[in-house]
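Enquirer: No sequence on hand, only this structure:
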């Protein structure tokens, strides 16, 4: 069963997991061999990180506050856009179409983008990269008007 | 220690080092029934990628690969290869996945130390997983949407926000920390509520699940589900409905099918 055959374009069904999801799974879940055997081998070095955890810190709080601040700016822009939009005939309609395209792009992003970022970085770097990636993605796709995410903003 | 002794020790050390440089160890991906057939095309960890083999003992077998001693394991390619080997196998047969990074000295050790002492336990676990797959439901809040909700809902957050806007940045640090903390608590409360909602959906389907820790601060749900293959369509349908209900608020993904990482237990059971 593939996502192409799923009944809703809103549910994202990537055909293969990106690196971030694989990290969550293969470093944090599964049987731990040391529980079964005493591994005495030397000569193989593991260079992976521990699974990432979310720990809220003052930095997190400051970022959240900044996000709220940005939200206000977005809100003001939105109010302006709405005024302009209501003057343009059919403006609203063009915003709601294309949810399927948006979903497809998300899959593409998972298959390509996610595998390149956050290779062996530390937890907080990963989080930062997440944000940067999302912003970078939007810059790369200036024409994408109406994915799920964008529609949520407008 | 005599000089001759010291020389012998040095020679032995050098021998050991030579062996280490040329020898191999055995990487273990997971445990499967012994009657499985390995896809000769299967590619495992390492660069270049190594073939995947089988070490059997009685009714159980380990999926293994050879790694040269001195290897540093853990590149993104290694992690993806580990997942691909196990998920590929899980698509066909029951699999007990090991966490990434299990290495043993040689194939004899795989039998003597891993398979033989735990054969019955592994066989029972494999039987319990037969015909079942793991899927992981992941939901990420649409940041602007959840922040707007929280600002609407929390008068204190609005008060802080307005005060922050009125003063220079360096004078508002305490307020910004307080606002951020309120938001963080609000997101956490929503995560719990939305996780509960999704868990009820799974209960309704009679599907076993494990709630995972969030790995991103805007995670809404992160839940591993274990289900019969035949139930995949029903879960997909319900997830699609959930995604529709949460449109513009939570972006929902369904990952897998994958090996049942969340249902094999990290530790060896007692006894």
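Expert: Cool, the structure landed. Keep in mind it's a predicted model, so treat the numbers as computed, not measured. Residues are numbered from 1 along each chain as shown, chains lettered A, B, ... in the order given.
Enquirer: Low-confidence regions, chain A specifically.
Expert: For chain A, the stretches with pLDDT under 70 are A:1-9, A:38-43, A:48-54, A:74-154.
Enquirer: Looking at it, which residue is nearest chain B?
Expert: Minimum separation of chain A from chain B (C-beta to the nearest C-beta) falls at residue A:61, amounting to 2.7 Å. Bear in mind the C-beta positions are built from the backbone N, C-alpha and C, glycine included.
Enquirer: Skipping adjacent residues, who's closest to that residue in space?
Expert: Closest residue to residue A:61 apart from its sequence neighbours, by C-beta to C-beta, 6 or more residues apart in numbering or on different chains: residue B:180 at 2.7 Å.
Enquirer: Enumerate every residue touching residue B:225.
Expert: B:134-137, B:202, B:207-209, B:235 (C-beta atoms under 8 Å, 6 or more residues apart in numbering or on different chains).
Enquirer: Below-threshold pLDDT in the stretch 1-150 of chain B: ranges please.
Expert: Ranges of the stretch 1-150 of chain B meeting pLDDT under 70: B:1-22.
Enquirer: Could I get the full set of helices for it?
Expert: B:3-22, B:76-90, B:107-109, B:119-129, B:143-153 (DSSP state H, counting those that start in this stretch).
Enquirer: Count the neighbours of the nearest residue to residue B:84 once chain neighbours are set aside for me.
Expert: Nearest non-adjacent residue to residue B:84, counting by C-beta to C-beta, 6+ apart: residue B:43, 7.6 Å away. A count of neighbours around residue B:43, defined by other C-beta atoms under 10 Å in any protein chain shown, yields 16.
Enquirer: quick one: residue B:43 and residue B:49 touch, right?
Expert: Yes. Counting by C-beta atoms under 8 Å, residue B:43 does reach residue B:49; the two are 3.9 Å apart.
Enquirer: Could you give the backbone dihedrals for residue B:223?
Expert: phi -140, psi 130 (degrees, to the nearest 10).
Enquirer: List just the nearest of the contacts of residue B:225 to chain A.
Expert: residue B:136 (7.4 Å).
Enquirer: check contacts around that closest one.
Expert: A:21, A:25, B:212, B:222-225, B:254-256, B:258, B:262.
Enquirer: List the beta-bridge partners for it.
Expert: Using DSSP bridges, the bridge partners assigned to residue B:136 are residue B:224, residue B:255.
Enquirer: surely residue B:179 meets residue A:64?
Expert: Yes. Between residue B:179 and residue A:64 there is a contact under C-beta under 8 Å: 7.1 Å.
Enquirer: Compare these two (neighbour count), which wins?
Expert: residue B:179 (30 against 26).
Enquirer: Within the helices and strands, which one has that one?
Expert: helix B:173-205 (DSSP states H and E).
Enquirer: Give the buried residues for that helix.
Expert: B:175-184, B:186-187, B:190-191, B:194-195, B:198, B:201-202 (16 or more other C-beta atoms under 10 Å in any protein chain shown).
Enquirer: again, but for stretch B:114-133
Expert: Applying 16+ other C-beta under 10 Å to stretch B:114-133 flags B:114-115, B:118-119, B:121-123, B:125-126, B:129, B:132-133 as buried.
Enquirer: Can you report phi and psi for residue B:34?
Expert: Torsion angles, degrees, to the nearest 10, at residue B:34: phi -80, psi -10.
Enquirer: Repeat that for the one 3 residues further on.
Expert: Main-chain torsions, residue B:37, degrees, to the nearest 10: phi -110, psi 130.
Enquirer: Neighbours of the nearest residue to residue B:118 once chain neighbours are set aside, how many?
Expert: Spatial nearest neighbour of residue B:118, excluding adjacent residues (C-beta to C-beta, 6+ apart): residue A:36 at 5.8 Å. Residue A:36 has 20 neighbours, counted by other C-beta under 10 Å.
Enquirer: hang on, residue A:36 packs against residue B:116?
Expert: No. Residue A:36 lies out of contact with residue B:116 (C-beta under 8 Å); the separation is 11.0 Å.
Enquirer: Out of the contacts of residue B:136, the closest to residue B:39 would be?
Expert: residue B:258 (16.8 Å; C-beta to C-beta).
Enquirer: how about the nearest residue to the closest one once chain neighbours are set aside, what does it touch?
Expert: Nearest in space to residue B:258, with sequence neighbours left out and distances taken as C-beta to C-beta, 6+ apart, is residue B:87 at 4.6 Å. Residues near residue B:87 by C-beta under 8 Å, 6+ apart: B:256-259.
Enquirer: Most neighbours out of these, which is it?
Expert: residue B:259 (32 neighbours).
Enquirer: from what I can see that residue touches residue B:89, true?
Expert: Yes. Assessed by C-beta under 8 Å, residue B:259 is found in contact with residue B:89 at 7.0 Å.
Enquirer: Need the overlap of contacts for the two.
Expert: With C-beta under 8 Å, 6+ apart as the test, residue B:259 and residue B:89 both reach B:30, B:95.
Enquirer: Just the residues contacting stretch B:175-186, thanks.
Expert: A:56, A:58, A:60-68, B:146-147, B:149-150, B:153-154, B:156-157, B:160-161, B:163-164, B:217.
Enquirer: so how many other residues sit close to residue B:148?
Expert: Counted with other C-beta under 10 Å, residue B:148 comes out at 18.
Enquirer: how close does it get to residue A:13?
Expert: 28 Å (C-beta to C-beta, to the nearest Å).
Enquirer: One more: residue B:212?
Expert: Taking C-beta to C-beta, one finds residue B:212 at 18 Å from residue A:13.
Enquirer: before we move on, what about residue B:227?
Expert: In this view, residue B:227 and residue A:13 are 15 Å apart by C-beta to C-beta.
Enquirer: next one: residue B:159
Expert: For residue B:159 relative to residue A:13 (C-beta to C-beta), the value is 42 Å.
Enquirer: Comparing the two, which shows the higher neighbour count?
Expert: residue A:13 (22 against 12).
Enquirer: I'd assumed residue B:257 was in contact with the more buried one.
Expert: No. Using C-beta under 8 Å as the test, residue A:13 is too far from residue B:257 to be in contact (10.9 Å).
Enquirer: shared neighbours of the two, which are they?
Expert: Joint contacts of residue A:13 and residue B:257 (C-beta under 8 Å, 6+ apart) do not exist.
Enquirer: Residue B:78: how many residues sit nearby?
Expert: Neighbour number of residue B:78 under other C-beta under 10 Å is 25.
Enquirer: Taking the stretch 101-250 of chain B, what residue is nearest to chain A?
Expert: residue B:180 (2.7 Å).
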